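Participant: Here is my input, please return the structure:
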Amino acid sequence: MSQTPPNPSLASLEHHLPNVPDLAHLEAQVRRDLDSIEASPRAWVPERRDAYGNVISDVVIVGAGLTGLSLAFGLKRQGIERVRLIDAAPAGLEGPWLTTARMRTLRSPKTLSGPDLGIPSLTYRAWHEAVEGHESWEQLDKIDRQAWMAYLAWFRSMIGLPVENDTRLLSISQVDDHLRLQVENGGQSSCIACRKVVLATGLEGAGGFNVPPDVATLPRTRWTHSGELIDPGILSAKRVGVIGAAASSFDWAVTALEAGATSVTLLARSPVLPRTEILDWSNFPGFLNHFADLDDQTRYRFTRRMFDFKTPPTNEMYGRAMAFPDCRLVTGARICSIGMTDDAVVISTAKGDFVFDHLLLGTGYSVDLSRRPELASHVDQIATWADRFVPATGEEDPDLLAYPYLGPAFELMEKTPGALPMLANIHVFNSAAVPSLGPICNGITGLKSGVPKLVSGICRGLFLSDIEHFYRSLDRYDKTHFQPEPV
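Facilitator: Next up is the predicted model:
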């Protein structure tokens, strides 16, 4: 059963933030760099108020993890100031890094650009060298995930991005010319008025946990999905089964083994483990910047092939798991049935039967917009790939076709034109956007392409919707720039 572990707040990461002169020097450099590049141009979006006289936010970003912070910085650099960041997690636990991410290090190369948006002094490398030294950077293989979270906290403080934590989005509706977001904080419901909302809600943002039907029939205390919090102590002295053999499955295995599980058995349907990290192939400007320019047939073809690749474990996590004598990997173990017998979970596979006390799922996420509370009431009006594209015979993929069919600014589109115009102001910057815009919104690799594309789309929408305001501003413009001297 999922339980909340002891709060691993940023206080536990103080060793990553020493009070050293090098860090102070870096922070001074950040301020100089931002001053040098017009990083905060003048605000230009005209203020709007709702029927109660309250100022309407220009953009609300739901999710203050890596992508949410990156987007907020990108909007700030374009002079959009009425931006609110909300996150359901407590302060310091935004994103998965200190909660459901169980690997020791990130899987991405240390050299990838993150939320810095091209400013060298804001990169992870600059922060790491200031905190740990240049030699440490040179010797570093992969970035420690706790250090990564400490870096994100530092980045957020340097940019000055306030976050409204413990705030969960419940629904989205339209009132007059703006959106109304119903949110919950501390058991209290309230509303936020905004012109645009961005769902930077990560892997779960397209639907929810992918739970095999047979697993769902088991007592809820007997299984845990990789996206859930768990007190590892509940796995002590238990026979643990792990379904799946991609990255999260080996992270699970190490977690259980280090918690004192009697045994851990990983059941892999495939006869071989995944070996290829597809994001490494995709990391070039042509693909990341212009995937969205492809026709539907080509995007569908590329996405099907990308989805065929499973995320391999890191060499470190694989080695750590298999070093335990009580860890077993069974490949080619296609599952035939799962059930309870004599208070134990029994799984019948193509490689035999297995008995466990607890199951850990590395089965990923499913695409089902009706499972998202903020979108559920509008799901019948949201266009999906199945509504806009008919694949060739033999190439049907129901899972892919269930993804929303998005516009060029990551905006939801109407299934029936004109039926729900507010969808154009809901921007999906999570895993649901991959078939429409490519892998530029669901990890570090594509942020350098995804953030500018979305920021540009939001700016375009805000500008065009107030075009008469800007014409009147131009028409009345009479600021004096030249005053001739009297002759």
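Participant: Please count neighbours and contacts with C-alpha atoms only from this point.
Facilitator: Fine.
Participant: Return the residues in contact with residue 172.
Facilitator: By Cα atoms under 8 Å, 6 or more residues apart in numbering, the contact set of residue 172 is 179, 180, 181, 182, 374, 375.
Participant: which residue packs closest to the second one, ignoring adjacent ones?
Facilitator: Read it as residue 180. residue 193 (4.7 Å; Cα to Cα, 6 or more residues apart in numbering).
Participant: Equivalent analysis for residue 304, please.
Facilitator: The shortest distance from residue 304 to any non-neighbouring residue, by Cα to Cα, 6+ apart, is to residue 400 (7.4 Å).
Participant: Counting neighbours, what do you get for the one you found?
Facilitator: By the criterion of other Cα atoms under 10 Å, residue 400 has 19 neighbours.
Participant: got it, and residue 468?
Facilitator: 11.
Participant: Let me know the pLDDT of it.
Facilitator: Listed pLDDT for residue 468 reads 97.
Participant: That one should be in a strand, yeah?
Facilitator: No: counting by DSSP: H, G, I helix; E, B strand; the rest coil, residue 468 is not found in a strand; it is helix.
Participant: Which pLDDT value belongs to residue 40?
Facilitator: 86.
Participant: residues in contact with it?
Facilitator: By Cα under 8 Å, 6+ apart, residue 40 lies in contact with 34, 76, 77, 78, 79.
Participant: Restricted to strands, list these.
Facilitator: With DSSP state E as the criterion, strands contain none of the contacts of residue 40.
Participant: Which member of those residues is positioned nearest residue 258?
Facilitator: Of all the contacts of residue 40, residue 258 sits closest to residue 76, with 43.4 Å by Cα to Cα.
Participant: for the protein, which strand is longest?
Facilitator: Using DSSP E to define each element, the chain has its longest strand at strand 188-199.
Participant: Mind listing what's buried along that one?
Facilitator: Neighbour-count burial for strand 188-199 flags 192, 193, 194, 195, 196, 197, 198, 199 (criterion: 16 or more other Cα atoms under 10 Å).
Participant: Strand partners (parallel or antiparallel) of that strand?
Facilitator: Strand 188-199 has the following strand partners under DSSP bridges: strand 57-62 (parallel), strand 178-185 (antiparallel), strand 426-428 (parallel).
Participant: list the buried ones in the longest one?
Facilitator: The reference is to strand 178-185. Residues of strand 178-185 classed as buried: 178, 179, 180, 181, 182, 183, 184 (neighbour count, 16+ other Cα under 10 Å).
Participant: Let me know the pLDDT of the residue nearest the centre of the chain.
Facilitator: Nearest to the geometric centre of the chain sits residue 202, at 2.6 Å (Cα atoms, centre = their mean). pLDDT, residue 202: 91.
Participant: change the start of the numbering to 393 and stick with it
Facilitator: Fine by me, first position is 393 from now on; the one you just mentioned is residue 594.
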